[in-house]
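K.L.:
need a structure here:
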Amino acid sequence: MSSRSRGNTEGSGHGGLFEPDVLLPNQFFASFRRGRVIEGEKRLMLAVLEDAVDTFRKTALAQDARGRASYHEAREWIFSNDQKWLFSFENICQTLEMNSCYIRQGLDNWQARQMKARQRAEEVPPQADQAPPRDGRPGDVKHAV
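P.N.:
Here you go, the predicted model:
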């Protein structure tokens, strides 16, 4: 049996058989709309869900107070198990036939990757502010006499 038929794509530059698909939120929601007519309350529910996911992603690493408040509000709504309110995350996902746990897990995974990338960027040691030699060649320093 060849490595391709076993799903081994190591070194090929492609994800493995069990690698998750990566979609932008607008791609996900656009594919959800295709093939279905969404009317009335369902269209509104989809818009609420899109807005929450968009806010979560745009403000996840926010530094300012307003951005942090928006992030916490979106996260609180997405990760709430409340089903009493018609427009709760759970009820919207159920009405739109989406897996709420899968969406939450995807957002958590996305945020973890963003935080790791940010930490790596912050760990890069700052380079000394050294002016290049006057003639522009590295290592050729002229000393004043």
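
K.L.:
Run through who's touching the helix or strand containing residue 104.
P.N.:
Assigned by DSSP states H and E, residue 104 belongs to helix 100-123. With Cβ atoms under 8 Å, 6 or more residues apart in numbering as the test, helix 100-123 has contacts from 20, 53, 56, 57, 60, 61, 78, 79, 89, 90, 93, 94. Bear in mind the C-beta positions are built from the backbone N, C-alpha and C, glycine included.

K.L.:
Tell me, please, the helix or strand in the protein that averages the lowest pLDDT.
P.N.:
One helix or strand of the chain scores below all others by mean pLDDT, DSSP states H and E: helix 25-33, with a mean of 58.

K.L.:
Out of the contacts of helix 100-123, list just those in helices.
P.N.:
Of the positions in the contacts of helix 100-123, 53, 56, 57, 78, 89, 90, 93, 94 sit in helices, assigned by DSSP state H.

K.L.:
which residues are contacting stretch 70-78?
P.N.:
52-53, 55-56, 58-60, 62, 88-89, 103-104, 107.

K.L.:
and it, which residues are buried?
P.N.:
Within stretch 70-78, the residues scored as buried using 16 or more other Cβ atoms under 10 Å are 70, 71, 74, 75, 77, 78.
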